[in-house]
Structure formats: structure tokens, C-alpha cells
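>>> Need coordinates for the below:
(2 chains)
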Amino acid sequence: MTDMTPQPPAQGCRNTPVLKERGQREVFCGLTGIIWLHRKMQDAFFLVVGSRTCAHLLQSAAGVMIFAEPRFGTAILEEKDLAGLADANAELDREVDRLLSRRPDIRQLFLVGSCPSEVIKLDLHRAAERLTQKHAPHVRVLNYSGSGIETTFTEGEDACLAAMVPTLPDTDARQLLMVGALPDVVEDQAVSLLRDMGVDPIHCLPAHRAAETPGVGPNTVVALTQPFLNETAALLERRGARLLSAPFPFGEEGTTAWLWAVAQEFGVDAETFARVTDAPRARARKAVAAATETLNGKSVFFFPDSQLEIPLARFLTRECGMTAVEVGAPFINKQIVGPDLDLLAEGPVISEGQDVDLQLDRCRAARPDLTVCGLGLANPLEAEGMATKWAIELVFTPVHFYEQAGDLAGLFARPLRRRAVLTGLEGAA
Amino acid sequence: MKLTVWTYEGPPHVGAMRVATGMKGLHYVLHAPQGDTYADLLFTMIERRNHRPPVTYTTFQARDLGTDTANLFKTACQDAYDRFKPEAIIVGSSCTAELIQDDPGGMSETMGLPVPVIPLELPSYQRKENFGTDETFFQIVKALARPMERTKHVTANLIGPTGLGFRHRDDITEVTAMLEEMGIGVNVVAPMGATPADIARMGAAHFNVLMYPEHAEAAARWAERNLDQPYTKIVPIGVGATRDFIAEVAGLAGVEAKYDDSRLRMPWYSRSVDSTYLTGKRVFLFGDATHVKAAARIARDEMGFEVVGMGCYNREFARDIRALAKDYGVDALITDDYLEVEKTIEELAPEMILGTQMERHIGKRLGIPCAVISAPVHVQDFPARYSPQMGWEGSNVMFDTWIHPLVMGLEEHLLHMFREDFEFHDAAGASHHGGQATPRPAEPDPQQVAETAAPADGDIVWLSGAEKELKKIPFFVRGKAKRNTEKFALEKGVQEISVETLYEAKAHYAR
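So this is what the prediction gives:
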């Protein structure tokens, strides 16, 4: 890497004792991932086998009903399904038959387990095998659990991708596999940067369509684009692939470090690397600098949400001049976020899991300038006079790689800028 | 098992949350896995609540199952009491906790908490959100309210408004003002704004105003039997209904039916010439039963629309809506299947939909204007301005809300005059729906027109001239015109539909 990179801190957070909490968790379950996964996989349908609560969650998390007939739905369990599992399987087969005949465009069907389906031990894996045999070769049926008793928010994507890993074809080809569901614009940027350096071939998981599903094997090098893909990474390693270790591609520094890790692996020389990245790096620095005027010297507090918290705290503290008070994550896998922890200067509380009332007490005591939290907490904290950033926006917005670095910083700056411009509301409730 | 893409109602525990969040000094301890906390955002985001709903979730995980979920519940319940010091607690299970059968009611009873603990039994796999509101409020009233001395002045309780209700906030203000004009005081408004102590003194009122039967009918019936309080059966939505409501209240309270309708503008607005174009507009109604019932009367008798179909998603009121539909000479659609509603609307091809946010989306897709009259709610249904549905102001609000999505008076005539104009074609869409003036796509080859125009259902054939004429008919009535013409042709034994046949059919079906 070039000399423009700031020095790593003398002491990072990798060995900071983690505050582990087990109490009320104010988080989404893994079903929420369907909202972006179904946009990414364009011939897939996600069928949640669950309750009315699951359907209501998906509808509420989606915020608006963009599609009259979206490529996701809930097979709502009824009293009679709970009485006999044989009947539940027959009912499921019937609903799937009906769905697939109605939607001939569907090539991949995910049966998504939920809290109730897990508790009644409805075996969706066997159901998927049974249904695959029935509907092959036109449709492949897979299953994973997005239940709240097993998954938190983005872990749903991890579970979904992990379910795909055993079905990937074998390949001995030397290749880069980028893993994580990114918006197309971002994925294309990353691929084009790497291609310009001569990295080839590059495949992505998940692919847009079932027919483009990548292979995996001993000569596959995996670069995760999201920090929450723990199980997927482990399963890919088990298939012989090698996992690159790097900070995640948020901000100029993270993107450069991530690309550099890939470049080194594929023998790209420093000169080529600089030729490809210098211009976008400069653009990213410039864009981030604009938002940094607002963020510099401000403090930030992360409630646990998406597992993006540690890489984002690294970005905000290293590139935007913020100080982190607490960085909470639902789950911390040091093997995967270790490089980000190394770059995050010691100081903040690193917490894993949640006891929301205790965490709110800590947050109120610290009075951070900006609190990153879920939608259930944002307005109540604003009403107490604290500026907030909705964590979910960080997952739904293109924020990876160089060209989005400024947007990412802007997401955090906007609530603070808004407070500054609303000067005419003094004295109002 | 039933495949659902969009739902009109959440699960029953969300109904219980709506009651708890509407109230003050009450806490809900909900045995539920972590994902169920999504429900908080309904209140903090959609309703813009400035505090967290008073709900503690046990958020059990897979590793807790079979070991310690019961203890987890007890700890959560004790912590919630210690932290929030509520006057009363309601306890219950969400769908998943119902399956593990921990019995929150029984457990909390043994804990010896120094406040009333009210257990809720909300069967998640049979019932839905509105059952949850009604049952929860009923259990709270049953547990806390007792017969007591009546207030000296005539007072009423306003019951039914909850958190996340469709315009409940403003309806309370409107109804309170109406009662005040008759010299009737409000004893307690509940659940919205009430504390458990307020519930305990509900018995002091002389009667109950049942604002929303969906949320408080069980409580109203219980109070009738146990507190000797009659309750109102008329919901004051619409001019006529408001007058009837005032008469009903006067009867119950033994006071004169006094009112000041000087702010009521709706009748004049509806009679004024610009509203002529509303006559016979074909409308389809869908929503919760209470709002659909009220809207049907307004639509037909106060706006001069033609009601071409109606329905509700809450089966609890299916009988009422079926009876009402019969009065209106239409079929009732009782369903919570969004796709079925969409299909019905497509078939009926109304000129306007009065529905929920779900029908608003259907309307967008089909190019049919829609005004929202009922829950389920959206952030748009919590306007900053005062905008009730009930009482005189409610009628004014509704007139505006219903006609704004429509193409207005002269504008409609202009559209008809110039409907084949290069900017006024179907593909352009209506400008007030945000459509852009896009040039008409090039005319297809006339030879092809003749070919594609040929076969229709059965052995009836549309001649190309008639087919072309049909395209000039505004798209929102075209389906109906096509069907009517084919029906007419079939009856008359005509094999080929010409322009003549089309207009003969039009004359035949003219209203």
C-alpha cells in the first residue's frame, strides 16, 4: 500500500476485554435479510414457514409494499399444522406446488425456517430435499433458518449463503470469490477495479441468477465483503477455499486495505495497484473530507444491530475524526473482524449481545453526539435530545468501496447537520 | 397453512401492544423471541411515538429452550417491575412462546408482585390483531373496573381508541367536543391515555361511547352487564351518522340533543355544482368493518357515489358487512387475502377505491384513484394537522380526502374532450398522479390491428373499428364497457361487435 495510509494505532481493540451481555435484545431476526436477498437473487423466492408475526415483520421491515406480488411470502402455520407434522408437510408441499405453478419464473426456492417452525421441529431440510426431487431440474429448493431464536438480523444472510455452499459445483480453477449480497452498482465497481489490476476470474456469491452460481474448490480465494458471514466463510473453507483476512471495504482506508489483500494474493504489483486505485482513492478522501467537517471531534455510540459496527467504528474514528464511546455488536468473530479491531484505537467499550435497558442507561450517561441504533430506539432517543442514525439504513444503502465512502460518511453527518440547520424550533416540544 | 404476501392485521400480541402503548402506567411483559421486538418500530416510526412502547420482551434464544425459558420470564417480569414501577402489568406470549407453553399468567401470579398482574390468552394461530386489542382491553377492564357511585353530572367513557389507530387521536377530540356541547362530561378515555387507576374508575360514568367496536366491544358488553352502563351502537362517522349518534347519546344521557354544526361544510360542498361530477362514481370499499360501514353510507347518501362492492378483512364482523352489502345490492368480500381483494377490484373496475394503504397500492398498480379510510396504517395516516374522521370536522376532512385523488369537475370534461389528444392517452397516465406527459407510442400497422382485433371469448368477434373505439373509452371503465358489450351481443345473438353494437350496448346499460 502507499504511504498515504495513516499509521495503525499503538494499541488496537483486538485484545480489549469484551463486555458480554445477556438480557433483552432489541434487534431484528434473520428473516429481515429477505428484504435485500430477494432483490439480489432475481429468480429466487423466499418462502417463510412461520406465523402471522413473521409476515407482519417482513411487511413492517420492508417499510412499504413496493411490489404487488413480491418474491417472498409467508406460509402461515395454523392450528391444524401444529397438531400433526405429517399434515404440515403435506400442506407445505401443496403451497409450494401452487406457488411454483403461479410463478414459473422462479428457479430457486428458499424454505426459510422461523421461530415457530424451529420450535415444532418442522424439518425443512428434508422438505427441501423432497421438493427438489419433485421440481428438479427447473427449481432448486434450499432451506435455512432466519428464526429469531437462532439468528440476529444479518445472520439471516449468512444462513442463506451458508445453505448454498454445499450445492456449489466443484472447481479447481484459480479464482476470486467475492462473498456477500452487495447492491449491483457497488459489486460492479469492485469487480471492475480488480479486473483493471488483472485479477481474473472473479465470481460473486450470491449470483444474480441460479444459472450463474459460482463453483468452489481448493484454488478459490474468498474475499468477504460483509463482516457477518461467519458460517458461510467456515463452510467455504471446508470446501477447500482460502479466506483472505483484511479490514472490510468501508471508507478509503478499508477499501484500499481490502483491495490490497486481494492484489497481493493475485500477484498485483504496487505500481499497477496505485495506477488503478489512486484516482478513486483521492475521490473517496475528498468526499469523506466534506462530511468530516461535521463529524470531526464528535462522539459515537453503537447499539448492536448488523455486525457492521466494528468496521464502521474503525471508519468513523480513523477517517472522520470521531471518537467511539461504545461499539456494540450482536456477535463478534475476531477471526473475521480482527483486522478492523486492530485498527480501532483502544478506548471504547466493546460489547457483545445486549441488555437494552442497561445499554440505554450507559448511552444516556455518556450523552454521545451520535447514537447508531435500531428503529425502535431512534425516535425515543431523539425525543430525549440525542441525535441518532438508524442502523438499518447502513444495510439498505450502497456504502461499500471508494465511490460510496462519501455517502457512508454523509449518512452519519446528516442527523448532525439537520440538527444544526433546524434553528427555528427553539422552545417547541 | 396459508400463503400470505401482505397482511391486513398483525398477530394478536401486537393488538395487546396497541392497548398497552396507548395507556400510561401499564407495562406488558411479553414472552417472545428476539425478532418480535420489531413491533416497537410500528409505534416509534409509523406513529412517531417519542417513547418506547412499555413492553419488555424475554427475547429467549434457541439455547434457552428446554432449559430455562420459564426463569427467563420471571427475571424479565421482576426486572420490568423494578425498573418501570407500573401500576399494573399485563403478561402473555407471542406465537413462539405459545408453543413452549410456559404459562406466563401462572408464573407471574406466583411472583407476588405488589400490583395487579393481568394474564392474556391470545391464540396466535387462530386470531389476529383486532382480536388482540379487544380481548386485552376487555381483560384489563374486567380486572380493574368495579361498580361505583356515578358522577353527579352526566359523564361518559370514550372507549376503543388505541395506539396505532386510524385517526384515533383526533376522533377523541371531536367526540369530546360533541359531548361537551350537550353538557356531557368525559369520565375516562380508554385505552388511549388512561392509567390503570383511570380504568378502575370507569364505573363512575353513566354510559360508554363505543368509538371503535373492533377494539372495545367486549369491554362495552361487559360494562353493560357488570357496571350497568349502556353503550352507543352508532359510530359518528359521516353527517347522517353524526346526527344519529347525537340523538342516541341524548337518549342514553337523558339530555337535549344540542349541537353546533356551524363548522360543518361538507353538505354544501357536496351540493355545490363542482361536485356534480361525483354523481354515480363507481366506488369500491374495503377496510375494517366499522370504517367500511360508515364509508358506505357517506359514499351513497352524502357523496352520491355508486357503491359497486364492499368488504372487510376482519372476519369477526363478517355478518354485519354481509347484511350491509345486501342492502346495497352488492356482494360482500370477506377476506384477508390481499390478492383476492386485488382480483375483485380488477374485475369490478371501479372509478375509485375507498380502502386501506394496501388498496392504495392496488389502485396505483391499476391506475385507480384511492382514498384511505381505515387501518392498517402507514406513516401518512398520522398527519401533523388535526384530521379526525368522526363528527362534523370528520365529515369535512373526509370530503377533502375522498375527492383529492379524483380528477376534478371541469378537468374531467377536458380529459374527455381531448381524450385522443397526443398527451391525453393511456400510456401518459394522469398528471395529478405524478405521470409525465409522454408522447403516444407510434400507431401499429393497421393490418396487424385488424388481425389482433379478431378473436374474443366464445364466438363473438370484435371488428377492428369497434376495437379502436373501445380504446378511446377511458381505461378505468374500459373493462366494464367491454364486458357489457359482449354480454349485450350475446343476449342479442350478435356474432360480430361493430361500433354500432358498442353504442347500442352503451345505450342499453345507460344509467
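>>> Now for A:Ile310, how many residues are close by?
30 (other CB atoms under 10 Å in any protein chain shown). Using the backbone N, CA and C atoms, a C-beta is placed for each residue, glycine as well.
>>> oh sorry, the question was meant for A:Cys115
A:Cys115, neighbours per other CB under 10 Å, totals 33.
>>> what's the pLDDT at it?
Per-residue pLDDT puts A:Cys115 at 96.
>>> What are the phi and psi values at it?
Per-residue torsions, A:Cys115: phi -50, psi -50 (degrees, to the nearest 10).
>>> quick one: contacts for it?
By CB atoms under 8 Å, 6 or more residues apart in numbering or on different chains, A:Cys115 lies in contact with A:29, A:50-51, A:54, A:147-149, B:33, B:35, B:95-96.
>>> I figured A:Asn143 hits A:Ser117, correct?
No: using CB atoms under 8 Å as the test, A:Asn143 is too far from A:Ser117 to be in contact (9.9 Å).
>>> intersection of neighbour lists for those two?
Common neighbours of A:Asn143 and A:Ser117 (CB under 8 Å, 6+ apart) are A:Leu124.
>>> Could you report the neighbour count for the closest residue to A:Gly50 other than its chain neighbours?
Spatial nearest neighbour of A:Gly50, excluding adjacent residues (CB to CB, 6 or more residues apart in numbering or on different chains): A:Ser114 at 3.1 Å. Residues lying near A:Ser114 (other CB under 10 Å) number 33.
>>> how about low-confidence regions in chain A?
A:1-5, A:62-68, A:86, A:427-429 (pLDDT under 70).
>>> Show me chain B divided up by domain.
Under the assignment automatic domain parsing, the domains of chain B span B:12-128, B:145-253, B:266-403, B:446-508.
>>> Can you say which helix or strand has B:Ile237 in it?
In this structure, B:Ile237 sits in neither a helix nor a strand according to DSSP states H and E.
>>> In this structure it contacts B:Gln389, no?
Yes: judged on CB under 8 Å, B:Ile237 makes contact with B:Gln389 at a distance of 5.2 Å.
>>> Give me the common contacts of the two.
Listed as contacting both B:Ile237 and B:Gln389 by CB under 8 Å, 6+ apart are B:291, B:294, B:398.
>>> can I get these in CSV with secondary structure?
What follows is those, written out as CSV (DSSP: H, G, I helix; E, B strand; the rest coil):
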residue, secondary structure
B:His291, helix
B:Ala294, helix
B:Met398, helix
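>>> Can I get these in JSON lines including distance to B:Pro369?
Shown next, in JSON lines, are the shared contacts of B:Ile237 and B:Gln389 (distance: CB to CB, whole Å):
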{"residue": "B:His291", "distance to B:Pro369": "18"}
{"residue": "B:Ala294", "distance to B:Pro369": "20"}
{"residue": "B:Met398", "distance to B:Pro369": "15"}
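>>> Tell me who's in contact with A:Gly33.
A:146, A:153-157, A:160.
>>> and chain A, which of the domains of chain B is closest to it?
domain B:12-128 (2.5 Å; CB to the nearest CB).
>>> Is that closest one in proximity to chain A?
Yes: judged by CB under 8 Å from any CB of the partner chain, domain B:12-128 comes into contact with chain A through B:13-14, B:33-42, B:44-45, B:48-52, B:56-62, B:65, B:76, B:79, B:83, B:94-96, B:99-100, B:123-126, B:128.
>>> Show the buried residues in those residues.
B:13-14, B:33-42, B:44-45, B:49, B:52, B:56-62, B:65, B:76, B:79, B:94-96, B:99-100, B:124-125, B:128 (16 or more other CB atoms under 10 Å in any protein chain shown).
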